[in-house]
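*Asks:* I'd like to go over a predicted model; first the sequence, then the structure.
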Amino acid sequence: MAIEPFTVKDFRVFDIPGFAARMAAIRQGIRPKLERLGEALAPELARATRAEIFPHVARHARRTVNPPDDTWVAFGPDRRGYKKAPHFKAALSRHCVRFLFEVGPEHAAKASFARAWKRQAPRLAKALGKGRGLAWFRNEHDEEPAAALTALDAAGWQRLADEVVRTRDGQLVLGRRVDATEAAKWGPADFERAALETFTALSECFRLR
């Protein structure tokens with residue numbers, strides 16, 4: 001299924017006040033595009049990661065009052081869900097699109113992942129330092145990154161592993177931010193190229209053991 005680009009109107013959905021109205025706009029206008037994006041990118045991600053990959057479009061099922069500030073399609077190795085394993089995500093919010101790699105709070109083996117990251121931090125720094133616009137985000141919902149990966153020194157790359165295990169809600173979020181004004185001008189090929197370029201660079205993290 002072909003990717004359908006996001007428009008200025010899609011980004012403005014996050015200006016709509018109220019849970020019911022915003023969720024209705026997300027379901028009607030954005031979710032079908034995320035579903036198409038998931039179906040289009042999953043086979044390519046499977047080849048990049050050498051693993052079976054399943055797309056999961058956000059349902060926001062836990063929300064009943066506060067409207068979501070972003071929505072997304074996630075890509076993980078489990079057909080039933082994505083949160084318990086490292087995963088990729090294409091997220092849309094008011095001011096940007098983000099292409100992310102995440103190890104979230106529900107990952108079943110965070111301590112093991114953090115140890116593997118520290119062992120391989122020099123290699124990861126070399127590999128990820130070449131990725132265009134890659135950065136570290138403090139939280140999966142943040143629109144602005146905390147720091148560009150090229151700005152991290154050796155100790156900074158080691159400390160990224162600590163973000164995963166520092167607290168119960170610890171997470172590691174890496175990726176690329178694209179401003180909404182730029183992304184709204186993209187056609188399907190532009191969006192697919194940016195997503196796969198970023199996810200392929202971040203696949204080093206996905207394969208980390």
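*Replies:* Done, it's in.
*Asks:* In contact with the closest residue to residue 198 other than its chain neighbours, which residues?
*Replies:* What sits nearest to residue 198 in space, not counting adjacent residues and going by Cβ to Cβ, 6 or more residues apart in numbering, is residue 99, at 3.9 Å. For glycine as for every other residue, the C-beta is placed from the backbone atoms N, C-alpha and C. Neighbouring residues of residue 99 by Cβ atoms under 8 Å, 6 or more residues apart in numbering: 88-90, 175-176, 178, 194-195, 198-199, 202.
*Asks:* now do residue 33
*Replies:* 3-6, 10.
*Asks:* rerun at 7 Å
*Replies:* Residue 33 is in contact with 4, 6, counting by Cβ atoms under 7 Å, 6 or more residues apart in numbering.
*Asks:* Over to residue 18?
*Replies:* Residue 18 neighbours (Cβ under 7 Å, 6+ apart): residue 67.
*Asks:* do you know how far it is from residue 3?
*Replies:* Distance of residue 18 to residue 3, given as Cβ to Cβ, to the nearest Å: 30 Å.
*Asks:* repeat for residue 118
*Replies:* Counting by Cβ to Cβ, the separation of residue 118 from residue 3 is 37 Å.
*Asks:* Who has more neighbours out of these two?
*Replies:* With neighbours defined as other Cβ atoms under 10 Å, residue 118 and residue 3 compare such that residue 3 has more, 20 against 15.
*Asks:* now the helix or strand harbouring residue 189, how far from the centre of its chain.
*Replies:* Per DSSP states H and E, residue 189 falls inside helix 188-206. Here the centre of helix 188-206 is set off from its chain's centre by 10 Å, with Cα atoms, centre = their mean, to the nearest Å.
*Asks:* in that helix, what's buried?
*Replies:* Within helix 188-206, the residues scored as buried using 16 or more other Cβ atoms under 10 Å are 191-192, 194-196, 198-206.
*Asks:* contact partners of it?
*Replies:* Outside helix 188-206, the residues that reach it (Cβ under 7 Å, 6+ apart) are 2-3, 5, 40-41, 44-45, 48-49, 86, 88, 90, 99, 101, 124, 127-128, 131-132, 134, 174-176, 178.
*Asks:* ditto for stretch 100-117
*Replies:* Under Cβ under 7 Å, 6+ apart, the answer for stretch 100-117 is 83-89, 91, 140, 160-161, 164-165, 168-175, 202, 205-206, 208-209.
*Asks:* rerun at 8 Å
*Replies:* With Cβ under 8 Å, 6+ apart as the test, stretch 100-117 has contacts from 74, 83-91, 124, 137, 140, 160-162, 164-165, 168-175, 199, 202, 205-206, 208-209.
*Asks:* now stretch 129-141
*Replies:* 69-70, 89, 91, 93, 98, 100, 102, 104, 128, 144-150, 152, 160, 163, 171, 173-178, 197-198, 201-202.
*Asks:* can the contacts of residue 99 go into CSV with extra columns for distance to residue 79 and pLDDT?
*Replies:* Output for the contacts of residue 99, formatted as CSV (distance: Cβ to Cβ, whole Å; pLDDT from 0 to 100):
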residue, distance to residue 79, pLDDT
88, 16, 97
89, 17, 97
90, 19, 97
175, 24, 97
176, 27, 97
178, 29, 97
194, 26, 94
195, 21, 94
198, 24, 95
199, 19, 95
202, 21, 93
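*Asks:* and of the residues you listed, the nearest to residue 63?
*Replies:* Closest to residue 63 out of those is residue 89 (17.3 Å), distances taken as Cβ to Cβ.
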